[in-house]
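Colleague: Sharing a sequence plus its predicted fold:
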Amino acid sequence: MMRVLIVDDERLARAELRRMLATHPGVAIVGEAANAAEAALQVAALQPDLLLLDVQMPGGSGFDLLATLDDAPEVIFTTAFDQYALQAFEASALDYLMKPIEPQRLAAALERAAARLGIAPTPSAAPRKLFIRDGERCWFVRLEDIRLFESEGNYTRLYFDGATPLLARSLLQLEQRLDPQQFFRANRRHIVNLAAVRGIENGEGGAMALRIDGMTVEVSRRRVAALKQLQEF
């Protein structure tokens, strides 16, 4: 069963989506929200698999909402405005449906969502992702695709697929949500995806460094023992 949260500031638009979704037995509507702030609370509480998300809403856009989420569900944008389509697809949205929404287009979008999710029995089985916005560009990125997290004050620079955007979260905030068996805190400034490590350099006095696609990340002396304890090494 695919769990869906409807986010739209127009009551009639939410009612129409409810009516259309009622014809899809594999969909469960877990809630609805009228603005970005309310939706953020609903996402945290309900953990939906999929957002049907309006773009323009009072108090914050759909993109503003996604930028606040640590764990972003899959997204189908539903809007009356076509100028945001490129931005939506750059963010790896499943689809961009123009109002009034055609039933066939919605059905096709839901099928893509189900295929990507694998119709997981629980939301946690879906891939964990971050929504990242840096200037005019935005991405949905799976955590396992991020090679390196680098602290820059209250921001964190991410390294993935040739991109290096800044995320408006501290390294400590991100570390609390990462699997310590996969993501290793090498030093005060860096968290490394161990799957991206291509080699280990041993230095004098027990010093160590990790090689990651042309970059070298030093392991602080107090973290060397923790690195050696990991099964992969």
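Modeller: That came in fine, so what should we check first?
Colleague: Can you find the helix or strand in the chain with the smallest mean pLDDT?
Modeller: One helix or strand of the chain scores below all others by mean pLDDT, DSSP states H and E: helix 85-90, with a mean of 62.
Colleague: Packing partners of the next helix or strand after that helix?
Modeller: Once the chain leaves helix 85-90, the next helix or strand it forms, by DSSP states H and E, is strand 95-98. On a contact count with 3 or more CB pairs under 8 Å, 6 or more residues apart in numbering; DSSP states H and E, strand 95-98 meets strand 74-79, helix 85-90, helix 103-117. C-beta here means a position set from N, CA and C on the backbone, and glycine is covered the same way.
Colleague: Would you mark the buried spots in strand 95-98?
Modeller: 95, 96, 97 (16 or more other CB atoms under 10 Å).
Colleague: and if you look at stretch 204-220?
Modeller: 208, 209, 210, 212, 215, 217, 218, 219, 220.
Colleague: before we move on, what about stretch 161-172?
Modeller: 165, 166, 167, 169, 171.
Colleague: In which helix or strand does the fourth one reside?
Modeller: Going back to what we said before, that points to residue 169. Residue-wise, residue 169 maps onto no helix or strand under DSSP H and E.
Colleague: before we move on, back to that, out of the buried residues of stretch 161-172, list just those in helices.
Modeller: residue 171 (DSSP state H).
Colleague: Any chance of the buried residues of stretch 161-172 in a markdown table with pLDDT and distance to residue 144 as columns?
Modeller: Shown next, in a markdown table, are those (pLDDT from 0 to 100; distance: CB to CB, whole Å):
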| residue | pLDDT | distance to residue 144 |
| --- | --- | --- |
| 165 | 95 | 17 |
| 166 | 93 | 20 |
| 167 | 90 | 16 |
| 169 | 87 | 18 |
| 171 | 91 | 18 |
